[in-house]
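[1] When you get a sec, could you give me coordinates for this:
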Amino acid sequence: MEAIMASPWFTWVILPALIFVARICDVSIGTMRLIFVSKGNKTIAPVLGFFEVIIWLLAIGQIMQHLDNIMCYIAYGGGFAAGNYIGIYLEERMKIGTVMLRVFPKNDTTLLAENLRDKGFGVTTVDIMGKGGKNQMIFSVIDRKRITEVLNMVQHHNPNAFYTIEDIRAVREGYRTNQGKHQSSKIFIPFGRRKGK
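    Here you go, the predicted model:
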């Protein structure tokens with residue numbers, strides 16, 4: 001084993017590859033941890049933080065033992081860059097959380113609002129005045145996993161409509177949907193207080 005670890009092949013290829021993979025893992029986990037922290041998740045974030053630090057310690061330990069190996073530095077930096085990308089990609093694929101959709105239409109929104117409500121989405125309309133005259137802006141709070149479904153409906157009824165999508169940390173005292181079924185939202189808001197308390 002010692003002979004293998006002392007070989008040039010291990011020093012210049014295998015070790016940097018291990019560091020690269022370790023950095024991808026710990027940075028990906030770290031990126032997802034920060035996303036969960038921003039969403040106020042107190043369960044998953046600490047667990048991810050534990051594994052993130054353990055993997056980081058293993059990687060940095062190898063760097064400190066091979067300070068004269070330039071390939072380790074390159075692998076460390078490359079793994080950091082790749083880990084950020086992969087972490088964001090994984091979070092997007094998981095589609096965790098809730099978002100607010102605002103639609104600024106170019107056409108009448110009556111049918112769009114009705115169809116969204118028929119699909120179980122909570123919809124609020126607000127009168128607006130734009131360049132094209134009076135119209136109604138649509139607000140809706142939806143699960144991220146249903147964004148594509150909603151945007152397809154928007155595109156069908158209001159092609160080229162301008163819209164914005166924003167992450168929401170918490171939802172309370174309303175309802176949102178899960179596959180077309182209404183759910184009352186009683187989610188705790190860390191920085192808010194209920195009246196009378």
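[2] CA only for contacts and neighbour counts going forward, please
    Fine.
[3] Where do the strands of the chain begin and end?
    Taking DSSP state E as the test, the strands found in the chain are 98-104, 124-130, 133-143, 162-168, 172-178, 181-186.
[4] and the angle from the first one to strand 124-130?
    Read that as strand 98-104. 40 degrees (axes from the mean of the first three to the mean of the last three CA atoms, to 10 degrees).
[5] which residues sit against strand 98-104?
    When contacts are defined by CA atoms under 8 Å, 6 or more residues apart in numbering, strand 98-104 is touched by residues 136-144, 161-170.
[6] My read is that Tyr73 contacts Gln65, right?
    No. Using CA atoms under 8 Å, Tyr73 is not in contact with Gln65; the gap is 11.9 Å.
[7] So between those two, which is more surrounded?
    More crowded of Tyr73 and Gln65, by other CA atoms under 10 Å: Tyr73, with 17 against 9.
[8] Pull the contacting residues for that one.
    Counting by CA under 8 Å, 6+ apart, Tyr73 makes contact with Ile63.
[9] just Val37 next, same as before
    Ala45.
[10] Give me the distance between it and Ala45.
    To Ala45, Val37 is 6 Å away according to CA to CA, to the nearest Å.
[11] who touches both of the two?
    By CA under 8 Å, 6+ apart, no residue touches both Val37 and Ala45.
[12] Name the nearest residue to Pro46, ignoring sequence neighbours.
    Among residues not flanking Pro46 along the chain, Arg33 sits closest, at 7.8 Å (CA to CA, 6 or more residues apart in numbering).
[13] The one you found and Thr43, how far apart?
    Taking CA to CA, one finds Arg33 at 10 Å from Thr43.
[14] and what of Glu91?
    Distance from Glu91 to Thr43, by CA to CA: 16 Å.
[15] Of these two, give the one with the bigger neighbour count.
    Legend: neighbour count by other CA under 10 Å for Glu91 and Thr43, higher for Glu91 (16 against 10).
[16] Surely that one touches Met32?
    Yes. Between Glu91 and Met32 a contact is recorded at 6.4 Å, counting by CA under 8 Å.
[17] The strands of the chain: which one's closest to Gly79?
    strand 162-168 (27.7 Å; CA to CA).
[18] and Ile142, how many residues sit next to it?
    With other CA under 10 Å as criterion, Ile142 counts 23.
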